[in-house]
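>>> heads up, no residue letters with this:
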């Protein structure tokens, strides 16, 4: 690896680790992506009118900071706007499992087992624990 390529790789990794998705996109020519199978979750989101898709990244994945990101989801060749949480879901989860949970705007299909690509565009806020969640 040349010094220039090594420098770019370091800048790219720094952009990921700091949640600077705009810088990552500028450096690589495309958004940071998380890909994988949509897994069956606890279905709590749908009880409050916010159904989500759930993915579990590989344990050795380099991920941006836990938190909420403006995103896009690609399913079966179609792109949908979304908002994604990366982390432990501290309000409803006491496990240490890291998940990628995405609400897809104006989408209400059952897609368990489907392959999805989540593209992250902008870090919105850190992951946080709420006092409770409310069922509508």
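Ah, there it is. Since this is a predicted model, take the numbers as computed values, not measurements.

>>> which residues are in contact with stretch 74-81?
71-73, 104-107, 111, 114-117, 119 (CB atoms under 8 Å, 6 or more residues apart in numbering). The way it works is simple: take the backbone N, C-alpha and C, and place the C-beta from them, glycine included.

>>> Show the end-to-end separation of that stretch, please.
End-to-end span of stretch 74-81 (CA to CA, to the nearest Å): 9 Å.

>>> Buried ones only from the contacts of stretch 74-81, please, as a ChimeraX command.
Buried residues within the contacts of stretch 74-81, by 16 or more other CB atoms under 10 Å, are selected in ChimeraX with:
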select :71,72,73,104,107,116,119
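
>>> In the contacts of stretch 74-81, find the pair that's most separated.
106 and 115 (20.8 Å; CB to CB).

>>> Residue 83: which of the contacts of stretch 74-81 is nearest?
Looking across those and measuring by CB to CB, the closest to residue 83 is residue 71, at 6.3 Å.

>>> which residues does the closest one form a beta bridge with?
Beta-bridge partners for residue 71, by DSSP bridges, are residue 82, residue 120.

>>> Quick check: pLDDT value at it.
Residue 71 carries a pLDDT value of 98.

>>> Pull the contacting residues for it.
Counting by CB under 8 Å, 6+ apart, residue 71 makes contact with 81-84, 102, 118-121.

>>> next one: residue 8
residue 27.

>>> just the one 10 residues further on next, same as before
Neighbour list for residue 18: 64-65 [criterion: CB under 8 Å, 6+ apart].
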